[in-house]
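K.L.:
pasting the sequence and the predicted model now:
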Amino acid sequence: MPPGDDELELIAVRGRLRRRGRARPRRRLPVGLGLLLLVPIVLAALLAGGVWGAAGYVSSSCSLTSLRPLQLGSNTFVFAADGSLLGSIPSSQNRQPRRLRQIAKWVPQATVAIEDRRYWVHGALDYVGIARAAWKDLVSGTFVQGGSTITQQLARNLFIGNDKAKLHRKVVEACLAIKLEQRLTKRQILADYLNTVYYGNHAFGIEAAAETYFSRHASELTLPQAALLAGLPQAPSVYDPLRDADAALRRRNDVLTAMRAAGDISPSAYRWAVRAQLRLRPASIYTQIKLPYFFSYVESQLVRHYGADTVRAGGLRVTTTIDPRLQALAERAQKDVLRHRDDPSTALVAIDPRTGDVKAMAVDVPSGRRLDFNLASQGHRTAGSAFKPFVLATAMAQGISIYSTYTGPSSLTIPDRRCEGPKGPWDVHNFADESGGTMDLVSATAHSVNTIFAQVVTQVGPDRVVALAHRMGITSPLQPVCSITLGSQPVSPLEMADGYATLAARGVHHAPQALRGVRFQNGDEDHPSAGRPARALGENVADLDTYALQAVVKYGTGTAAGLDRPVAGKTGTAENFQDAWFCGFVPQLVACVWVGYPRAEIPLVNVEGLSSVFGGSLPAEIWHEFMTGAVANLPVMDFAQPQLSSSHQYSSSGSETSSPQPPAGPRQVTIVPPPPEPKAHGHGHGHGKH
């Protein structure tokens with residue numbers, strides 16, 4: 001039961017204290033007379049040894065404005081883009097303030113009957129009660145709780161807290177209560193009390209109590225339910241209905257008896273209520289979170305935008321960018337493809353490239369084990385050949401033609417000193433030492449030929465690849481080493497989706513954004529932005545890269561991801577099949593899928609009938625199933641046609657020629673299942689993988 005738009009108001013105590021004279025004041029005892037009648041309390045305090053504290057407070061003005069109200073935490077509630085409740089970020093106190101008109105009439109009646117039966121006729125202090133309690137205090141040498149009115153308790157809740165010096169506290173709370181009574185109406189005081197008093201089980205305020213014990217709003221409480229809750233503040237742990245139903249029932253019936261004596265309920269209503277069962281229905285509103293991993297990402301964005309103190313204080317109403325339909329499709333695709341408890345985990349992130357809005361963030365751990373980190377945003381694994389589009393974009397940005405031709409031998413030793421590792425020159429291999437032959441960069445991308453991309457990275461410079469990847473959305477640290485062309489460094493699925501979204505947006509980077517709107521405790525609203533869109537690379541450069549990535553899905557390593565519309569994407573697999581990726585997009589939506597074991601870099605072998613998992617297998621299947629449903633209601637759009645004559649053509653010998661016309665059709669190259677990428681280290685030797 002998510003709170004309504006007008007239901008998250010904090011208790012505006014400070015504002016009310018400033019609104020002097022708006023309502024016709026009731027006749028009250030003059031402050032001087034009220035203070036004079038504190039003499040029994042003061043005498044008791046003096047006798048108990050609190051001379052300086054008691055005398056000081058009585059002689060002072062006891063100004064409310066000079067005191068800082070205690071921080072009253074309340075829960076932050078998080079919603080999907082369609083308004084459905086995703087869960088709450090708890091504060092130290094579960095609390096949702098309510099106006100008195102939003103609370104069932106039985107609650108204030110029951111509270112007054114059991115806590116302060118003369119509330120409507122006395123002032124801030126019940127002097128009859130004080131006189132009666134003072135005598136007992138003088139005899140016992142300490143204070144009992146029987147003399148505190150609702151107004152005194154509110155003063156304690158708002159300004160004093162659990163002060164262990166009881167004599168000192170009683171004098172302070174009495175003085176503050178008189179001041180509160182001069183400023184607020186009885187109804188305001190009662191409403192504020194009901195919104196701050198502790199009902200047990202982390203529930204502060206009547207709305208939180210109603211949700212905690214009965215899973216309903218305070219406005220919906222029945223007479224027996226209201227009586228039960230009204231009886232809790234005196235001793236929440238003693239009368240806790242979740243722990244001792246009999247004690248709670250007896251206390252509830254005491255409240256009902258008090259209500260009958262006060263004339264609040266009829267004899268027949270009393271007889272019905274005392275026979276009613278407790279019928280507790282403990283709530284999950286404060287504990288249940290529908291998307292725990294996305295939740296952690298939302299919380300981190302809230303902290304980044306507004307600071308930890310604001311998030312800790314709570315009371316926010318947060319609307320996110322998550323699309324429940326797309327989220328459900330992502331979760332279903334993961335479970336449909338990875339069906340067994342011993343299968344690897346998977347993370348899927350979907351982003352709208354036009355805005356950066358995160359539309360889905362799904363993490364599936366088939367074993368059921370809850371991870372203490374978010375695989376989608378905090379899991380970092382080597383991307384394999386899924387990183388090659390960043391290298392290709394760097395080449396296009398330097399004017400290298402997409403139709404430059406290179407020879408892709410089965411293995412290649414790179415003499416460039418920048419690529420040397422501990423064992424000497426970098427030795428790059430294709431899968432199973434298969435030769436790719438001579439081909440252009442479109443075909444080299446489609447078939448993920450490692451020995452060609454090793455040549456490209458030395459041509460453009462790994463430092464420039466790092467710089468461009470960071471501009472496109474990769475936020476993880478990247479080392480400017482040659483093996484970056486084979487995806488040897490760890491990145492997260494969110495970063496990869498962000499980088500590919502920059503290509504889909506034709507070179508404009510929109511930082512990932514999960515927050516659509518935030519309403520604060522005071523009613524102010526904010527629509528946070530992850531930052532201004534920034535051009536990361538030229539429009540035509542992005543179009544050229546996308547042009548090559550379409551070939552991956554049409555006739556390369558990613559054919560399993562094909563849809564009935566234009567698709568661009570890239571497969572990737574880490575060394576020894578430890579991680580497998582597919583990242584792809586249509587013009588309106590980007591999705592990136594990672595598959596692997598989160599606890600360690602374990603080879604993905606013998607999974608779902610496959611001897612080895614690579615990017616074009618299970619990740620592409622998950623991507624395909626998700627995107628089939630995700631784009632079903634989107635119009636079919638073509639990618640922009642790049643300008644193919646604006647770049648320079650190179651051959652693998654390094655000679656420059658004029659740019660050729662694009663070939664009539666895809667170049668046919670025989671490629672066997674993709675090989676593994678090198679492990680994530682500074683300089684890689686070994687085999688690459690698609």
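P.N.:
In hand now; what should we look at? Numbering: from 1, shown residues only.

K.L.:
now the helix or strand hosting Thr502: average pLDDT?
P.N.:
Thr502 is located in helix 493-504, with elements delineated by DSSP states H and E. Helix 493-504 comes out with an average pLDDT of 98.

K.L.:
next: stretch 418-431.
P.N.:
For stretch 418-431, the mean pLDDT works out to 83.

K.L.:
re earlier: and the helix holding Thr502, what other elements does it pack with?
P.N.:
strand 345-351, helix 388-397, helix 462-472, strand 508-509, helix 539-555, strand 568-573, strand 579-586, strand 589-596 (3 or more C-beta pairs under 8 Å, 6 or more residues apart in numbering; DSSP states H and E). C-betas here are computed from N, CA, C, even on glycine.

K.L.:
angle of the fifth one against strand 579-586?
P.N.:
Computed by axes from the mean of the first three to the mean of the last three C-alpha atoms, to 10 degrees, the angle separating helix 539-555 from strand 579-586 equals 110 degrees.

K.L.:
and for the first one?
P.N.:
With the same axes, to 10 degrees defining the directions, strand 345-351 sits at 20 degrees from strand 579-586.

K.L.:
what residues does the next helix or strand after strand 345-351 touch?
P.N.:
Next helix or strand after strand 345-351 toward the C-terminus (DSSP H and E): strand 358-364. Strand 358-364 has contacts (C-beta atoms under 8 Å, 6 or more residues apart in numbering) with 291, 293-294, 297, 320-323, 326-327, 329-331, 334-335, 338, 345-352, 371, 374-377, 494, 512-514, 589, 591, 626, 630.

K.L.:
circling back: export the helices and strands packed on helix 493-504 as a markdown table, with columns for mean neighbour count, mean pLDDT and distance to Ile178.
P.N.:
Below are these laid out as a markdown table (neighbours: other C-beta atoms under 10 Å; pLDDT from 0 to 100; distance: least, C-beta to C-beta, whole Å):
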| stretch | mean neighbour count | mean pLDDT | distance to Ile178 |
| --- | --- | --- | --- |
| strand 345-351 | 28 | 97 | 58 |
| helix 388-397 | 27 | 97 | 70 |
| helix 462-472 | 20 | 97 | 63 |
| strand 508-509 | 21 | 97 | 61 |
| helix 539-555 | 23 | 97 | 70 |
| strand 568-573 | 33 | 96 | 72 |
| strand 579-586 | 30 | 97 | 67 |
| strand 589-596 | 30 | 97 | 63 |
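
K.L.:
for whichever helix or strand Ile622 is part of, buried residues please.
P.N.:
Ile622 belongs to helix 618-630 when assigned by DSSP H and E. By neighbour count with 16 or more other C-beta atoms under 10 Å, helix 618-630 contains the buried residues Leu618, Pro619, Ala620, Glu621, Ile622, Trp623, His624, Glu625, Phe626, Met627, Ala630.

K.L.:
ok, now which ones touch Gln327?
P.N.:
The contact partners of Gln327, taken as C-beta under 8 Å, 6+ apart, are Ala80, Leu291, Phe294, Lys359, Ala360, Met361, Ala362.

K.L.:
in three-state terms, label the residue lying closest to Tyr306 once chain neighbours are set aside for me.
P.N.:
Among residues not flanking Tyr306 along the chain, Val518 sits closest, at 7.4 Å (C-beta to C-beta, 6 or more residues apart in numbering). Following DSSP: H, G, I helix; E, B strand; the rest coil, Val518 is assigned to strand.

K.L.:
so for stretch 562-581, first residue to last residue, what's the gap.
P.N.:
End-to-end distance of stretch 562-581: 15 Å, with C-alpha to C-alpha, to the nearest Å as the criterion.

K.L.:
typed the wrong thing, it's stretch 110-125
P.N.:
For stretch 110-125, the first-to-last residue distance is 20 Å (C-alpha to C-alpha).

K.L.:
which other residues reach that stretch?
P.N.:
Stretch 110-125 has contacts (C-beta under 8 Å, 6+ apart) with 28-29, 34, 37-38, 126, 128-129, 149-153, 174, 177-181, 186, 190, 193-194, 226-227, 229-231, 233-234, 254-256, 258-259, 261-262, 264.

K.L.:
again, but for stretch 525-539
P.N.:
Residues contacting stretch 525-539 (C-beta under 8 Å, 6+ apart): 301, 305, 356, 393, 396-397, 468, 471-473, 502, 506-513, 515-520, 640.

K.L.:
coming back round to it: tell me the one of the buried residues of helix 618-630 nearest Arg250?
P.N.:
Phe626 (56.0 Å; C-beta to C-beta).

K.L.:
any idea how far the helix holding Ile622 is from the chain center?
P.N.:
Its chain's C-alpha centre and that of helix 618-630 lie 25 Å apart, by C-alpha atoms, centre = their mean, to the nearest Å.

K.L.:
just the contacts of stretch 110-125: which are in helices?
P.N.:
Using DSSP state H, the subset of the contacts of stretch 110-125 located in helices is 34, 128-129, 150-153, 174, 177-181, 186, 190, 193-194, 226-227, 229-230, 254-256, 258-259, 261.

K.L.:
filter those down to just the buried residues.
P.N.:
34, 129, 150-153, 174, 177-181, 190, 193-194, 226-227, 229-230, 254-256, 258-259.

K.L.:
counting neighbours, what do you get for Gly421?
P.N.:
16 (other C-beta atoms under 10 Å).

K.L.:
for it, phi and psi?
P.N.:
The phi/psi pair for Gly421 (degrees, to the nearest 10) reads phi -120, psi -170.
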